[in-house]
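Asker: Just a sequence and a predicted model for now, questions to come.
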Amino acid sequence: MIEIKGLCKTFDKGRGRALEALNLHIPQGSLLGLIGPDGSGKSTLIKVLNTTLRATCGEISIDGRDITQSIREIRRKIGYVPEQFNLYPDLTVDETLRFCGKMYDVAYDLAKDRCSDLYRQLEPYLRKPVGKLSGGTRQKLSLCCALLHQPSILLLDEPTRGLDYPSRLELWGLLQHQQTQGVTIIVATADMNEAVFCNSIVLFNSGRAIATGSPEAMITNFEGELYTVSCRTPFVLADFLKSIPEVRSAHVFGNRVHFVLMHGDIAFIKSFLAFQEDFKGLVVLPQKVSMEDYYLQMMEHA
Ligand code: ADP
Ligand code: MG
């Protein structure tokens, strides 16, 4: 339904590359996660999709129509929750919903009906100024405003940033509910753990898509065996492990080191460590692969 071909975007007369040679096919009803660290190009892609930024090269079509040829029509199809909260803090929740309804020419009662689930959750706060809402309720309001005109595509830029864990879960639940209604949802997040809520994801690094697919398939595609070991000098240990030919990579996670063993025997690595004055007594355990581990592996590939 959304087709992206050879998309790139540069800023500052070509000096800053925010997106490079991106190709994506996003079927209707997807819940797609754009996952990557700050500065990897997630917001740029969302802004090109919602037509506020123009691509430097490449094409995007939605339902077979080039987005640059039918901007007004495309904007009607899209609901957008930006990275920065963009509602007026002095308006009450009720005033905000009326205001957003007017912008899209949707009568208030109809808007309430369309978003009845979300509206019911916002009802206790109708007289409250938006600036006084908790982060989670504020994001529900943003979502409700983005849905009033019944968009078929919903773009959300890091909607869970700064929210506590229960509010994050609740928001992902609301997005999954929208997906069941047939809405195509594209969500940017820097939190790799949120990949599990999506049915497909794109991993971004420096403006490039370094992997695409379902989160489950990515974990299955991880190459090698992953182990973890706790240590008081994790960086020294990681460097030591990397010097062993059978160890393909070693990364520090707090006071732990995750390392990948390729075609090697873990018993050999354990005994090798036991012979080192600095590392004897360390416990090496198998480690379940997380999206962060996969991301690091794909970055090395890239
Ligand atoms: P993310 O949303 O993943 O944090 P962005 O899409 O905001 O990443 O940014 C990608 C890259 O493009 C960054 O290097 C950023 O500095 C640059 N960039 C984004 N917007 C602009 C802009 N308006 N002018 C110049 N550079 C920009
Ligand atoms: Mg961003």
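Answerer: Perfect, I can see it now. Residues are numbered from 1 along each chain as shown. Ligands and ions are numbered 1, 2, ... in the order given.
Asker: what about the lengthiest helix in the chain, average pLDDT?
Answerer: The residue-count maximum for a helix in the chain (DSSP state H) belongs to helix 165-180. With pLDDT averaged residue by residue, helix 165-180 scores 94.
Asker: Packing partners of it?
Answerer: If contacts are counted by 3 or more C-beta pairs under 8 Å, 6 or more residues apart in numbering; DSSP states H and E, helix 165-180 sits against strand 31-35, helix 116-122, helix 135-147, strand 153-157, strand 184-189. For glycine as for every other residue, the C-beta is placed from the backbone atoms N, C-alpha and C.
Asker: would you list these in a markdown table and tack on mean pLDDT?
Answerer: Shown next, in a markdown table, are those (pLDDT from 0 to 100):
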| stretch | mean pLDDT |
| --- | --- |
| strand 31-35 | 98 |
| helix 116-122 | 89 |
| helix 135-147 | 94 |
| strand 153-157 | 97 |
| strand 184-189 | 98 |
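Asker: and of the ones you listed, who's closest to L285?
Answerer: strand 31-35 (26.6 Å; C-beta to C-beta).
Asker: Using neighbour counts, pick out the buried residues of that closest one.
Answerer: Buried residues in strand 31-35, counted by 16 or more other C-beta atoms under 10 Å: L31, L32, G33, L34, I35.
Asker: cool, stretch 199-218 as well?
Answerer: Neighbour-count burial for stretch 199-218 flags 199-212, 215, 218 (criterion: 16+ other C-beta under 10 Å).
Asker: what comes into contact with it?
Answerer: For stretch 199-218, the surrounding residues in contact (C-beta atoms under 8 Å, 6 or more residues apart in numbering) are 8-9, 17-24, 30-37, 39-42, 44, 179, 195-196, 198, 221, 291, 294-295, 298-299, 301-302.
Asker: Got a PyMOL select line for the buried ones in these?
Answerer: Provided next is the PyMOL selection string for whichever of the contacts of stretch 199-218 are buried by 16+ other C-beta under 10 Å:
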select buried, resi 8+9+17+18+19+20+22+24+30+31+32+33+34+35+36+40+41+42+44+179+195+198+291+294+295+298
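Asker: Sort out for me which of the contacts of stretch 199-218 are in strands.
Answerer: Among the contacts of stretch 199-218, the members falling in strands (DSSP state E) are 8-9, 17-24, 31-35.
Asker: Return the closest of those residues with respect to L174.
Answerer: The closest of these, once distances to L174 are taken by C-beta to C-beta, is L31, at 11.5 Å.
Asker: what pairs with the residue nearest to the spatial centre of the chain across the strands?
Answerer: Among the residues of the chain, the one closest to the centroid is T189, at 2.9 Å (C-alpha atoms, centre = their mean). Note on T189: beta-bridge partners by DSSP bridges are I35.
Asker: so R248 sits in a strand?
Answerer: Yes: per DSSP: H, G, I helix; E, B strand; the rest coil, R248 lies within a strand segment.
Asker: Would you map the helices across this structure?
Answerer: 42-49, 71-77, 93-103, 108-114, 116-122, 135-147, 165-180, 215-220, 234-242, 266-274, 291-301.
Asker: So which bits of the stretch 1-150 of the chain are right by ligand 1?
Answerer: The stretch 1-150 of the chain has residues F11, D12, G16, A18, G36, D38, G39, S40, G41, K42, S43, T44 near ligand 1, with proximity defined as C-beta under 6 Å from any ligand atom.
Asker: can we see that at 8 Å?
Answerer: Contacts of the stretch 1-150 of the chain with ligand 1, taken as C-beta under 8 Å from any ligand atom, map to 9, 11-12, 16-19, 34, 36-47, 53, 83.
Asker: pull the CA atoms of the least confident helix or strand in the chain by mean pLDDT into PDB?
Answerer: In the chain, no helix or strand scores lower on mean pLDDT, DSSP states H and E than helix 108-114, which sits at a mean of 84. The C-alpha coordinates for helix 108-114 follow below in PDB (Å, rounded to 0.1, in the frame of the first residue of the first chain):
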ATOM      1  CA  TYR A 108     -17.900  16.900  17.500                       C
ATOM      2  CA  ASP A 109     -20.400  14.200  18.100                       C
ATOM      3  CA  LEU A 110     -19.200  12.300  15.100                       C
ATOM      4  CA  ALA A 111     -15.600  12.700  16.200                       C
ATOM      5  CA  LYS A 112     -16.600  11.300  19.700                       C
ATOM      6  CA  ASP A 113     -18.300   8.300  18.000                       C
ATOM      7  CA  ARG A 114     -15.300   7.600  15.800                       C
END
